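Colleague: Sequence plus the predicted model coming up.
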Amino acid sequence: NAGVTQTPKFQVLKTGQSMTLQCAQDMNHEYMSWYRQDPGMGLRLIHYSVGAGITDQGEVPNGYNVSRSTTEDFPLRLLSAAPSQTSVYFCASSYRIFVSPLHFGNGTRLTVT
Amino acid sequence: KNEVEQSPQNLTAQEGEFITINCSYSVGISALHWLQQHPGGGIVSLFMLSSGKKKHGRLIATINIQEKHSSLHITASHPRDSAVYICAVDSSQGGSEKLVFGKGTKLTVNP
């Protein structure tokens, strides 16, 4: 099993550009989520999904879109990149939130200039 | 006040020392997670617990639900234990299903 696969590992964008961060899991997990990690702050939830076709906002959703058309995939879209979105992004999945541990992807380091 | 507080923020130890990292939380929870993040690396789940104590190798995690407190202990610490340790709690407050994370404890174990 590959676990949680997150791509790309690194990305540099110019302000205003858009891009999609990919996240895929092969563990048939119901719960998938996106976090950003900034220096001096804990991981913060951007968006999450409890199953295909169901998504919801986390703490810091502005500027990001998600969709969950399949159980396996949960892409994160930056609509118009801003320097404030410079961060490390992590995708994570769990069989079911609150009852099973999280599996994290390896992270994407995004720089917006 | 953050919902999840970790202490200390930074910890330096000598190889072989017994280490304790603390986590206090202010919300009602279903479970608490301990995670490990190596420098420049990904995040790995160490423990998920809702009561009592769990042990895996040299790592021990305990939780006291009444006191809203958890500890992560590392026995016979080793330089490869150097990492950031993150506490997170399951919170269903406000109807949303989410984890709330502490800011992490950076552990450095010197040989």
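Modeller: Received, thanks. Residues are numbered from 1 along each chain as shown, chains lettered A, B, ... in the order given.
Colleague: Excluding chain neighbours, what is closest to residue 45?
Modeller: No chain in the question, so chain A it is. Counting by C-beta to C-beta, 6 or more residues apart in numbering or on different chains, A:Gly58 is the residue found nearest to A:Leu45 once chain neighbours are left out, at 3.0 Å. In this view, the C-beta of every residue, glycine as well, is placed from N, C-alpha and C.
Colleague: Actually, chain B is the one I wanted.
Modeller: B:Ser45 sits nearest to A:Pro101 (C-beta to C-beta, 6+ apart), 4.1 Å away.
Colleague: does the one you found really touch B:Leu49, like I thought?
Modeller: No: here A:Pro101 does not reach B:Leu49: they are 10.1 Å apart, not a contact under C-beta atoms under 8 Å.
Colleague: Is there proximity between the top strand by length along chain B and chain A?
Modeller: When chain B is parsed with DSSP state E, its longest strand is strand B:83-91. Yes: on the criterion C-beta under 8 Å from any C-beta of the partner chain, strand B:83-91 is in touch with chain A at B:Ile86, B:Ala88, B:Asp90.
Colleague: can you redo those as CSV with pLDDT and neighbour count?
Modeller: Output for the residues of strand B:83-91 next to chain A, formatted as CSV (pLDDT from 0 to 100; neighbours: other C-beta atoms under 10 Å in any protein chain shown):
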residue, pLDDT, neighbour count
B:Ile86, 96, 26
B:Ala88, 93, 25
B:Asp90, 85, 21
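Colleague: With distance to A:Met41 added, can I get the residues you listed in TSV?
Modeller: Converted to TSV, the residues of strand B:83-91 next to chain A look like this (distance: C-beta to C-beta, whole Å):
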residue	distance to A:Met41
B:Ile86	12
B:Ala88	13
B:Asp90	20
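Colleague: quick one: pLDDT of residue 98?
Modeller: No chain in the question, so chain A it is. For A:Phe98, the pLDDT comes out at 71.
Colleague: actually it's chain B I care about, not the one you picked
Modeller: Looking at B:Lys98, the pLDDT reads 76.
Colleague: Near chain A, which residues of chain B are found?
Modeller: B:2, B:4, B:30-31, B:33, B:35, B:41-45, B:48, B:86, B:88, B:90, B:92, B:96-104.
Colleague: Quick one, which of those are buried?
Modeller: For these, a burial check counting by 16 or more other C-beta atoms under 10 Å in any protein chain shown picks out B:4, B:31, B:33, B:35, B:42-43, B:45, B:48, B:86, B:88, B:90, B:97-104.
Colleague: OK, now which residue of chain A is nearest to chain B?
Modeller: At 3.7 Å from chain B, A:Gly42 is the closest residue in chain A, using C-beta to the nearest C-beta.
Colleague: Strands of chain A, start to end?
Modeller: A:4-7, A:10-13, A:19-25, A:31-37, A:44-51, A:54-57, A:64-66, A:76-78, A:87-94, A:103-104, A:108-112.
Colleague: and the residue positioned nearest the centre of chain A, what does it touch?
Modeller: Central residue of chain A (C-alpha atoms, centre = their mean): A:Trp34, 2.9 Å from the mean position. By C-beta atoms under 8 Å, 6 or more residues apart in numbering or on different chains, A:Trp34 lies in contact with A:21, A:23, A:45-48, A:58, A:64, A:66, A:74, A:76, A:89-92.
Colleague: show me where chain B has strands.
Modeller: B:4-7, B:10-14, B:19-25, B:32-37, B:43-49, B:52-56, B:59-64, B:69-74, B:83-91, B:98-101, B:105-110.
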